[in-house]
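> Build the 3D model from these lines:
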Amino acid sequence: TRIDTANYDRYTIEQQITKSCEQLGITTANRTISSLSNTLLNNMNQHDRDEVARQLDSNESADTLS
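Residues are numbered from 1 along each chain as shown. Coordinates of the predicted model:
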């Protein structure tokens, strides 16, 4: 949801990775596709973990108030 993938089917995998990194503010200069891919994956995994933790905290707060 954080990456606008409109027209991504027109790009190579390498271009998709680079464009995704750019959208997420990940530095792409002087980096290999492998490095960018790993950084992108780590960024997305961390975001998912943070989002789950936020939702669990929110749910816990709602239960406490009930």
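
> hey, let's count contacts and neighbours off CA atoms from now on
OK.

> Pull up the gap between residue 33 and residue 59, please.
Taking CA to CA, to the nearest Å as the criterion, residue 33 is separated from residue 59 by 38 Å.

> which one of these two has more residues nearby?
Ranked by neighbour count (other CA atoms under 10 Å), residue 33 and residue 59 place residue 33 first, with 15 against 12.

> quick one, what contacts that one?
Under the criterion of CA atoms under 8 Å, 6 or more residues apart in numbering, the contact partners of residue 33 comprise 14, 17, 18.

> if I pick the last one, what's in contact with it?
What that stands for is residue 18. Applying CA under 8 Å, 6+ apart, one finds that residue 18 lies in contact with 28, 33, 36.

> Among these, which are located in helices?
Per DSSP state H, helices hold the following members of the contacts of residue 18: 33, 36.

> Looking at the contacts of residue 18, which is nearest residue 1?
residue 36 (19.0 Å; CA to CA).

> That closest one contacts residue 30, correct?
No. Under the criterion of CA atoms under 8 Å, residue 36 lies out of contact with residue 30, with a separation of 10.0 Å.

> between these two, which one's more packed in?
In terms of neighbours (other CA under 10 Å), residue 36 is the more surrounded of residue 36 and residue 30; the figures are 21 against 8.

> Please identify the helix or strand for the spatially most central residue of the chain.
Here the mean C-alpha position of the chain is nearest to the C-alpha of residue 44 (CA atoms, centre = their mean), at a distance of 3.1 Å. In this structure, residue 44 sits in helix 33-65 according to DSSP states H and E.
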